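Asker: need coordinates for the below:
(one chain, ligands or ions: 2)
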Amino acid sequence: MAVYTDITDDELAAFLSDYDLGQAVAFKGIAEGVENSNFLLETESGRFILTVYERRAKPEDLPYFLDLLTWLADRGYPSAKPIADRAGATLKTIRGKPAALVEFLPGLSARRPTVAHCREAGEGLAWLHLAGEGYPARRANDLGQPHWAPLFAKHRKAADGLKPGLSATIDKDLAELALSWPRGLPTGVIHADYFPDNVFFKPDGKFAAAIDFYFACDDAFAYDIAVTLNAWCFEADGSFNITAARALVAGYERRRPLSPTERDAIPILARGAAMRFFLTRLADWGATPAGALVKPKDPLEYERKLAVHREGLSLFGTGA
Ligand SMILES: Nc1ncnc2c1ncn2[C@@H]1O[C@H](COP(=O)(O)OP(=O)(O)OP(=O)(O)O)[C@@H](O)[C@H]1O
Ligand SMILES: N[C@@H](CCO)C(=O)O
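Answerer: Ligands and ions are numbered 1, 2, ... in the order given. All right, here's what the predicted structure looks like:
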């Protein structure tokens with residue numbers, strides 16, 4: 001349950017006194033998520049999400065994320081627009097922690113994404129890439145390829161603890177990724193964590209909205225597609241669903257066609273994207289005390305995805 005911070009009625013009332021939203025009529029913690037504390041807030045003027053930033057997101061990065069959410073919403077992209085207080089501020093504090101109020105978005109995430117969901121999610125991702133064009137702030141991807149080997153160096157023991165001999169396999173992967181990592185691909189604002197729990201659909205199955213932009217950064221658009229393919233297109237038995245993957249890319253290309261160079265790069269980008277989530281999950285695995293409220297995500301799920309990509313993906317067939 002991702003509510004790390006308790007907020008009393010008085011603290012909430014004091015927080016809301018900076019806004020023109022009326023009084024709280026309902027307020028409850030949201031169990032989903034692992035990074036931040038999220039609360040559903042209803043006031044006399046509508047429904048909102050209050051996020052208290054707990055970990056990972058560096059306080060100095062929060063203006064980048066909140067201004068990006070405002071930028072996207074102002075361009076018609078369905079992401080949660082931050083609510084400014086009377087003085088125009090979107091980044092606030094509550095209980096001494098950074099916090100923000102954003103618009104509540106209706107929609108449901110897909111627990112078991114279908115091929116049709118993948119197509120819609122792909123289109124929503126391309127829309128995001130286009131809507132982010134021109135966003136003036138910059139944020140380097142601090143979980144990008146150059147950061148993987150130093151991160152792994154701190155967690156080699158944990159890898160061998162999960163699976164004997166794994167650290168040697170990961171070392172080899174990291175060396176191969178460093179040699180073949182693509183450069184010069186089209187870049188812009190990417191979501192970088194576009195997982196099924198961060199995408200909402202309408203009741204008719206159409207894309208509704210994307211949330212949780214707290215890994216957003218500048219990187220290759222095709223890398224964002226690779227992260228998304230890994231998150232959406234693997235079956236529970238560990239096999240890669242090529243039909244779902246092709247639908248996801250086809251949905252993406254409804255709005256933003258890929259260049260041949262971007263298409264060719266996807267297999268190696270997907271291998272790197274699997275490495276990135278394996279590594280952060282590995283780091284969290286070791287750092288989570290037994291009995292913690294939030295169960296860490298399984299690093300081995302991503303190690304299995306990495307193993308699939310080691311064999312090479314043929315997403316578009318030969319000559320595509
Ligand atoms: N703007 C929003 N509108 C509606 N519901 C939202 C909104 N933002 C967050 N939620 C709800 O809160 C939950 C947790 O939000 P979020 O994914 O941002 O948290 P997190 O702790 O950063 O999670 P993660 O583990 O994915 O990083 C979501 O699954 C969703 O149910
Ligand atoms: N989407 C990430 C967790 C989000 O912080 C993962 O599945 O490892």
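Asker: and Ile7, what does it touch?
Answerer: Ile7 makes contacts with Phe15, Phe27, Phe39, Leu50, Val52, Ile94, Arg95, as judged by C-beta atoms under 8 Å, 6 or more residues apart in numbering. The way it works is simple: take the backbone N, C-alpha and C, and place the C-beta from them, glycine included.
Asker: ok, what's across the strand from the residue lying closest to the first one once chain neighbours are set aside?
Answerer: I take that to be Phe15. When the adjacent residues along the chain are set aside, Phe15 lies closest to Ile94, with 5.1 Å between them (C-beta to C-beta, 6 or more residues apart in numbering). On the basis of DSSP bridges, Ile94 is bridged to Lys97.
Asker: tell me how far Ile94 lies from ligand 2.
Answerer: Distance of Ile94 to ligand 2, given as C-beta to the nearest ligand atom, to the nearest Å: 22 Å.
Asker: do Phe15 as well
Answerer: Distance from Phe15 to ligand 2, counting by C-beta to the nearest ligand atom: 25 Å.
Asker: run through the residues of the stretch 101-250 of the chain sitting next to ligand 2.
Answerer: Counting by C-beta under 6 Å from any ligand atom, the stretch 101-250 of the chain comes close to ligand 2 at Asp193, Phe195.
Asker: in the stretch 101-250 of the chain, which spans are strands?
Answerer: In the stretch 101-250 of the chain, the strands defined using DSSP state E, counting those that start in this stretch lie at 187-190, 199-201, 207-210, 217-220.
Asker: save these as TSV, and put in mean neighbour count too.
Answerer: Listed next are the strands of the stretch 101-250 of the chain as TSV, based on neighbours: other C-beta atoms under 10 Å:
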stretch	mean neighbour count
strand 187-190	22
strand 199-201	22
strand 207-210	21
strand 217-220	21
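Asker: rewinding a little: which ones among the contacts of Ile7 are found in strands?
Answerer: Judged by DSSP state E, the contacts of Ile7 include Phe27, Phe39, Leu50, Val52, Ile94 as members of strands.
Asker: which one of those is nearest Pro146?
Answerer: Within those, distances to Pro146 taken as C-beta to C-beta reach their minimum at Val52, with 31.0 Å.
Asker: local confidence estimate at that closest one?
Answerer: Model confidence at Val52, expressed as pLDDT, equals 93.
Asker: columns mean pLDDT and distance to ligand 1 on top of the strands of the stretch 101-250 of the chain, output as JSON lines?
Answerer: What follows is those, written out as JSON lines (pLDDT from 0 to 100; distance: least, C-beta to the nearest ligand atom, whole Å):
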{"stretch": "strand 187-190", "mean pLDDT": "98", "distance to ligand 1": "15"}
{"stretch": "strand 199-201", "mean pLDDT": "98", "distance to ligand 1": "7"}
{"stretch": "strand 207-210", "mean pLDDT": "98", "distance to ligand 1": "7"}
{"stretch": "strand 217-220", "mean pLDDT": "98", "distance to ligand 1": "15"}
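Asker: which stretch among those strands comes nearest Leu177?
Answerer: Comparing the strands of the stretch 101-250 of the chain by their distance to Leu177 (C-beta to C-beta), the top pick is strand 217-220, with 13.9 Å.
Asker: hmm, who's touching that closest one?
Answerer: By C-beta under 8 Å, 6+ apart, the residues outside strand 217-220 that reach it are 138-142, 144, 182, 185-190, 192, 262, 265, 269.
Asker: same deal with stretch 37-56?
Answerer: Judged by C-beta under 8 Å, 6+ apart, the contacts made with stretch 37-56 from elsewhere in the structure are 2-5, 7, 12, 15-16, 20-30, 32, 35-36, 59, 62, 80, 83, 94-95, 97-104, 214.
Asker: for the stretch 1-150 of the chain, which residue gets nearest to ligand 1?
Answerer: For the stretch 1-150 of the chain and ligand 1, the shortest gap (C-beta to the nearest ligand atom) falls at Gly33, measuring 2.6 Å.
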